[in-house]
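[1] sequence and predicted model, in that order:
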Amino acid sequence: MNKTILITGASSGIGEYVAYEAATKGANLVLCARREDKLLDVKYRCEQLGAGNVYAIPVDLADPDSMDDLINHLDEKTIQIDSLINNAGFGHSEPFVTTDFNLVINMFQVNVLGLMYLTQQIALTMLDQGSGQIINVASLAGKTSTPNYATYGATKGAVISFSNALRMELKPHNIQVTTVNFGPVDTPFFDNIERNRREASVNGPFALTVTKAAETVIKTIGTSKREVNRPLLLAAGAKFYALVPEVGDYILMNFFRD
Ligand SMILES: NC(=O)c1ccc[n+]([C@@H]2O[C@H](COP(=O)([O-])OP(=O)(O)OC[C@H]3O[C@@H](n4cnc5c(N)ncnc54)[C@H](OP(=O)(O)O)[C@@H]3O)[C@@H](O)[C@H]2O)c1
């Protein structure tokens, strides 16, 4: 690849496996997340797999100062980002009315505002470069609302909407914006989610392996795809939901009744 890819949420799950997939293709990598020890393990494995230069930089997407430190670090080391993969995020499942509002705020800070802030900073450097790609990992939960995921779905819907506008703004500048929306993927993401739902999601017929999800993200690099939705059956479900939401609500209310 000989390109430099910045991956947020590279310490675990989809981001970690995207890093390994990119490493086998010889990419240079900037790995970001909060847990430095995990990032260093991922960096080591990426180097073993054949990556070029690999940087592990701790960043908290809920903290703009931490993102400023990252941008300054990239600037000082003259690291030019060809692809930004905004993947970091977390979920939670609970009826909205009983959800601690601090958690709601934190989820928007990480899944939406942190993503937007980092995107703005990196997009400015891409404008100077005259090229780039921004890949936002949202979720099919941002297209199909489900009970107990009001906050998570709202953050992912916001990412999809943000990406749709940004794509049009940046296209004339040779910067591609791609959204990748997954259904359930078997990762530690579900450690935060209630146990029953984890089992139904990751052992269900629609679950993707983390390797498959990572391959899907990597395959979008260098393409002009506006959006990728996987698995296809759930993507078709999201289209159905948009066409006949009353029927969709009925099915989902029954499916998500624990
Ligand atoms: N798994 C699924 O079923 C699924 C489905 C659709 C979409 N997604 C989306 O895919 C993305 C990756 O999720 P995953 O399944 O790979 O989950 P995961 O294994 O839990 O990974 C989440 C990553 O986000 C990072 N992160 C969380 N909070 C952060 C913060 N404040 N600052 C910086 N990094 C932070 C974590 O690193 P640290 O803890 O080290 O900071 C970790 O690397 C998320 O955006 C998720 O919403 C997941």
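    Good, I have the coordinates.

[2] can you name the residues bridging to Gln176?
    Gln133 (DSSP bridges).

[3] now do the contacts for it.
    Gln176 makes contact with 132-134, 167, 170, 223-224, according to Cβ atoms under 8 Å, 6 or more residues apart in numbering. Backbone N, C-alpha and C define where each C-beta goes, glycine included.

[4] so who does the nearest residue to Gly52 once chain neighbours are set aside touch?
    Leaving aside its chain neighbours, Gly52 sits nearest to Asn28 (4.0 Å; criterion: Cβ to Cβ, 6 or more residues apart in numbering). Shown in contact with Asn28 (Cβ under 8 Å, 6+ apart): 2-5, 51-54, 79.

[5] likewise Pro64?
    Counting by Cβ under 8 Å, 6+ apart, Pro64 touches 114, 117.

[6] coming back round to it: list only those of the contacts of Gln176 flagged as buried.
    Buried residues within the contacts of Gln176, counting neighbours by 16 or more other Cβ atoms under 10 Å: 132-134, 167, 170.

[7] tell me how far Asn2 lies from the ligand.
    Counting by Cβ to the nearest ligand atom, to the nearest Å, the gap from Asn2 to the ligand is 25 Å.

[8] quick one, what contacts the nearest residue to that residue once chain neighbours are set aside?
    Counting by Cβ to Cβ, 6+ apart, Asn2 lies nearest to Gly26, which is 6.5 Å off, once chain neighbours are set aside. Each residue near Gly26 by Cβ under 8 Å, 6+ apart is listed here: 1-2, 50-52.

[9] as JSON lines, those residues with distance to Ser139 and secondary structure would be great.
    Listed next are the contacts of Gly26 as JSON lines, based on distance: Cβ to Cβ, whole Å; DSSP: H, G, I helix; E, B strand; the rest coil:
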{"residue": "Met1", "distance to Ser139": "26", "secondary structure": "coil"}
{"residue": "Asn2", "distance to Ser139": "31", "secondary structure": "coil"}
{"residue": "Gly50", "distance to Ser139": "30", "secondary structure": "coil"}
{"residue": "Ala51", "distance to Ser139": "27", "secondary structure": "coil"}
{"residue": "Gly52", "distance to Ser139": "30", "secondary structure": "coil"}
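
[10] that's a strand at Met146, yeah?
    I think there's a mix-up here, since residue 146 is Thr and not Met. No: read with DSSP: H, G, I helix; E, B strand; the rest coil, Thr146 is coil and lies in no strand.

[11] what sits against it?
    Counting by Cβ under 8 Å, 6+ apart, Thr146 touches 153, 252, 256.

[12] cool, and Phe108?
    Phe108 neighbours (Cβ under 8 Å, 6+ apart): 151, 154-155, 158.

[13] same thing but at 10 Å, please
    With contact set as Cβ atoms under 10 Å, 6 or more residues apart in numbering, Phe108 has these partners: 62, 114, 151, 154-155, 158.

[14] what about these, which one has the most neighbours?
    The most crowded member of those, judged by other Cβ atoms under 10 Å, is Thr155 (26 neighbours).

[15] in this structure it contacts Ile105, no?
    No: taking contacts as Cβ atoms under 10 Å, Thr155 lies outside contact range of Ile105: 11.0 Å.

[16] can you name the two of the contacts of Gly26 that sit furthest apart?
    Spatially, the most separated pair among the contacts of Gly26 is Asn2 and Gly50, at 12.0 Å (Cβ to Cβ).

[17] residues shared between the contacts of these two?
    By Cβ under 10 Å, 6+ apart, Asn2 and Gly50 have these common neighbours: 25-27.
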